[in-house]
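Participant: Okay, sequence plus prediction incoming.
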Amino acid sequence: MKAVRVVIHGRVHGVWFRSWTLDRAAACGLSGWVRNRRDGTVEALFAGEDAAIEAMIAACGEGPPAARVTRVERFEAELPVELGFRQLPTV
């Protein structure tokens, strides 16, 4: 199991990106979290099997129908303490 943190840029606020991420990540069996950032990006931590993480990151490159993703940055991360996927407050 590994963890990857991503920062998603583009038109990602006000388009249900966090809810879409919650549903997708849970369906992929991932743990972690998603949150809006005040700079207009969405940040997420995905933890689980390599293939599931890669599929989720690829999906984030498209996002929900109203989103317009311009870039997805990825960073190595530590595994989350809690299992399951949740939404965190904006930072």
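Facilitator: Structure received.
Participant: Okay, strands next: where are they in this protein?
Facilitator: Secondary structure of the chain (DSSP state E): strands at 2-11, 31-36, 42-48, 68-76, 85-87.
Participant: Is it possible to get TSV of the ones you listed that adds distance to Thr21, mean neighbour count and mean pLDDT?
Facilitator: Quick note: C-beta positions are derived from backbone N, CA and C, even for glycine. As requested, these are exported to TSV (distance: least, Cβ to Cβ, whole Å; neighbours: other Cβ atoms under 10 Å; pLDDT from 0 to 100):
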stretch	distance to Thr21	mean neighbour count	mean pLDDT
strand 2-11	9	18	98
strand 31-36	4	21	98
strand 42-48	6	24	98
strand 68-76	12	12	98
strand 85-87	8	18	96
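Participant: tally of neighbours for the residue nearest to Val15 when sequence neighbours are not counted?
Facilitator: Among residues not flanking Val15 along the chain, Ala66 sits closest, at 3.9 Å (Cβ to Cβ, 6 or more residues apart in numbering). Neighbours of Ala66 under the rule other Cβ atoms under 10 Å: 12.
Participant: List the contacts of Ala66.
Facilitator: 11, 15-16 (Cβ atoms under 8 Å, 6 or more residues apart in numbering).
Participant: confidence score at it?
Facilitator: With respect to pLDDT, Ala66 has a value of 96.
Participant: swap in Pro80?
Facilitator: pLDDT, Pro80: 86.
Participant: There's contact between it and Lys2 in this structure, I believe.
Facilitator: No. Here Pro80 lies out of contact with Lys2, judged by Cβ atoms under 8 Å, at a distance of 11.5 Å.
Participant: okay, and the common contacts of the two?
Facilitator: Counting by Cβ under 8 Å, 6+ apart, the residues touching both Pro80 and Lys2 are Ala47.
Participant: before we move on, the earlier item: right, and out of the contacts of Ala66, which lies closest to Arg74?
Facilitator: Each of these was checked against Arg74 using Cβ to Cβ; the closest is Arg11, at 19.7 Å.
Participant: Which residue comes closest to the closest one once chain neighbours are left out?
Facilitator: Counting by Cβ to Cβ, 6+ apart, the residue nearest Arg11 is Arg68, at 4.0 Å.
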